[in-house]
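Asks: No letters, just coordinates:
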């Protein structure tokens, strides 16, 4: 994996560049649609490509359990398995440590879980994550981290981020440098802890001098305020080498992304476009739109008149409203298609604005208009 | 609507031709994917087109109740409503008379139903069907018929087909000849009744001399044997003018279609490719394939090595097995995509064989191989 910053904005921390992998390249800032189980729910690989996406996020923890990394290896790796001609990034199991709750035990060696599939006890270590990622043939792997809610007690947060740092080192030790391995900055909402973690990871070297190829900022998007999150980014990013990509994990709404890019984030993923799409909420340049609302029943306009996606080219709000009203599976498919396209369009505009040196102004205007639109879902 | 027979097979009743409508044309014999509520479940209009389909079947009864024919009229008609650039045929409400059971009362004037959506009492007459079809702007409308199971008592079957004939006449009376209107041959499994109905409909004229533009053969595919159905076709088709299209409603498996084409059927529809696709059964040239079977878990071959559809081009059986095992909605989408393509490929091969004068021989070979394959689903 190779990363090049092509343009650094002189008015903000924003930068545009490109990530190159053996499966193809992707311009940054980029947004990865979420394909947890090697599928962006409801979309074919061809449709994902038509939406403009280059790089997808899969979940190592889920693919390890099903169908198993050996099955995927035998079938040519994750991208080929899912018919995807492009790069993939694997999230490890950190989020599962946080979300699976009961039955999850974190020890120094690693984490044991109850499999969400069959309840069986399973164990994952930082070293195992790196080994599994090689079988999965993903282009970027996130180290196993210990994620706790930022609002938990400082002692728990501290214990978790210190363990995350030790696990990061163990991950580096077993990596071979062939593919991307990202450390993950934790540290809750405490600026000092965040800065400490970021500096530690930035300078970290493995036994054979291995270094991280990029950094995830984790543990956010799970309850903190917009302002708290921005403050964290403001202390974290200066501690990280500017020539490596920074990935804000699991974030967010369009305004979150615009604001994080302003501070120097290069990569994003989030379930919002796909999950909200399945539930009938479309993202548009005028703000969110809830297709189930009765006002859309006779509306012949597309989800977003500014969008050129397959759904907006041929389907009215009235039609998609009809599909949702009748629980037709094409409804979720069409809004997912639109939302994934919308997020890719958003990133394309962001990159264009950075390249033309107008990003800060554009971002400030957009932050105002999106935050107004958030108030009144149509 | 215009129909032209371009080639009549000299060795069998098979013929190839073309149906022309104001929304486009379609070569026959043709198969219409089922889009009951103006959606082929899970597929975008673009995907349906890529599968090779030209003409779709929608259900007038369902669209009348939701979203309502006035909504669809205001949005430019059924095809435009669903983003489909091609002809549509509307089945009326005959099948609902049969399938909705309790709460359905057939009188001479028409049929009253309990709406399957909200339980409200609704009433449909033959004249209403024609009126609604104009608002829906479908290219071909099936008259309202009274469908009963062929194995019911001869008195009930007789009463139903005589009413169907009277309703057919009333439908003709209110039709304006602008678009296709098909009579429907009923008559249970009694060859004499079938021949009687077919002759009556064939010669039927409306008040202003209107004639049917084609004929449906209804009331089949609901329990009768392969042999009984073929016997019915053998007595029915000779009673119908050869220059009008014949549509075998709701049929069927590939071998049913091959066999019916041999007898002179031009049009088909069936839920099998879509419904079975959602349940995980793929149609292939080697017979049906149940993707949930464990043997497919490591299988890197596509659903059908002879198929060039989007699913077969980029996805292995192993991947689709994985999707079904994890209840991922892309699984049903991919097999639906494949099955709809498979049925269109089947029709293309059938048309090619008819055009090259080799249909009878090809059909007989295929009937043997498909009936063998039916025995052993993989």
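Replies: Received it, and whenever you're ready, just let me know what you need. Treat the numbers as computed from the prediction; the structure is a model and nothing was measured.

Asks: residue ranges for the strands of the stretch 1-150 of chain A, please.
Replies: A:2-8, A:15-21, A:24-28, A:30-32, A:56-59, A:88-91, A:105-106, A:111-114, A:121-124, A:140-142 (DSSP state E, counting those that start in this stretch).

Asks: my bad, should have said the stretch 251-378 of chain A
Replies: Using DSSP E, counting those that start in this stretch, strands in the stretch 251-378 of chain A cover A:267-269, A:281-282, A:289-290.

Asks: Tell me which strands the second one pairs with, and in which orientation.
Replies: Listed by DSSP bridges, the sheet partners of strand A:281-282 and their directions read strand A:289-290 (antiparallel).

Asks: what residue of chain A is the furthest out?
Replies: residue A:298 (35.8 Å; CA atoms, centre = their mean).

Asks: what sits against that residue?
Replies: Residues near residue A:298 by CB atoms under 8 Å, 6 or more residues apart in numbering or on different chains: A:318, B:71, B:74-75. Bear in mind the C-beta positions are built from the backbone N, C-alpha and C, glycine included.

Asks: so how far is residue A:277 from residue A:213?
Replies: Note on residue A:213: its distance to residue A:277, by CB to CB, to the nearest Å, is 31 Å.

Asks: Quick check: which of the strands of the stretch 1-150 of chain A is nearest to residue A:188?
Replies: Nearest of these to residue A:188, taken as CB to CB: strand A:105-106 at 15.8 Å.

Asks: Could you list every helix and strand in contact with the closest one?
Replies: Using 3 or more CB pairs under 8 Å, 6 or more residues apart in numbering or on different chains; DSSP states H and E as the contact criterion, no helix or strand is in contact with strand A:105-106.

Asks: Got the domain ranges for chain A?
Replies: A:16-268, A:277-375 (automatic domain parsing).

Asks: Contact partners for residue A:49?
Replies: Contacts of residue A:49 (CB under 8 Å, 6+ apart): A:85-86.

Asks: and it, how far is that from residue B:248?
Replies: 39 Å.

Asks: What's the mean pLDDT across the lengthiest helix in chain A?
Replies: Using DSSP state H to define each element, chain A has its longest helix at helix A:330-355. Mean pLDDT, computed over helix A:330-355, is 98.

Asks: And for stretch A:305-312?
Replies: The pLDDT scores in stretch A:305-312 average 96.

Asks: hmm, that stretch in reach of chain B?
Replies: Yes. On the criterion CB under 8 Å from any CB of the partner chain, stretch A:305-312 is in touch with chain B at A:310-311.

Asks: Flag every buried residue along that stretch.
Replies: By 16 or more other CB atoms under 10 Å in any protein chain shown, the buried positions in stretch A:305-312 come out as A:307, A:309-312.

Asks: Phi, psi for the residue of the stretch 1-150 of chain A found nearest chain B please.
Replies: Minimum separation of the stretch 1-150 of chain A from chain B (CB to the nearest CB) falls at residue A:83, amounting to 3.3 Å. With angles defined as degrees, to the nearest 10, residue A:83 sits at phi 70, psi 20.

Asks: what residues are up against the closest residue to it other than its chain neighbours?
Replies: Among residues not flanking residue A:83 along the chain, residue B:314 sits closest, at 3.3 Å (CB to CB, 6 or more residues apart in numbering or on different chains). Contact analysis of residue B:314 by CB under 8 Å, 6+ apart lists A:44-46, A:83.

Asks: Nearest to chain B among the buried residues of stretch A:305-312?
Replies: Using CB to the nearest CB, residue A:310 comes nearest to chain B of these, at 5.7 Å.

Asks: wait, what's in contact with the residue nearest the centre of chain A?
Replies: Centroid check for chain A by CA atoms, centre = their mean gives residue A:269 as the closest residue, at 1.8 Å. When contacts are counted by CB under 8 Å, 6+ apart, residue A:269 is found next to A:31-34, A:57, A:89, A:91, A:247, A:249-250.

Asks: What's the separation between it and residue B:44?
Replies: Applying CB to CB, the value for residue A:269 to residue B:44 is 25 Å.

Asks: repeat for residue A:360
Replies: Residue A:360 sits 38 Å away from residue B:44, going by CB to CB.

Asks: what does the model give the residue nearest to residue A:80 when sequence neighbours are not counted for pLDDT?
Replies: Nearest residue to residue A:80, sequence neighbours excluded (CB to CB, 6+ apart): residue A:137, at 8.0 Å. Per-residue pLDDT puts residue A:137 at 98.

Asks: For residue A:137, what are phi and psi?
Replies: phi 60, psi 40.

Asks: For residue A:251, which non-adjacent residue is spatially closest?
Replies: Residue A:251's closest residue in space is residue A:221 (CB to CB, 6+ apart), at 4.7 Å.

Asks: Could you give the number of residues near the one you found?
Replies: 18 (other CB atoms under 10 Å in any protein chain shown).
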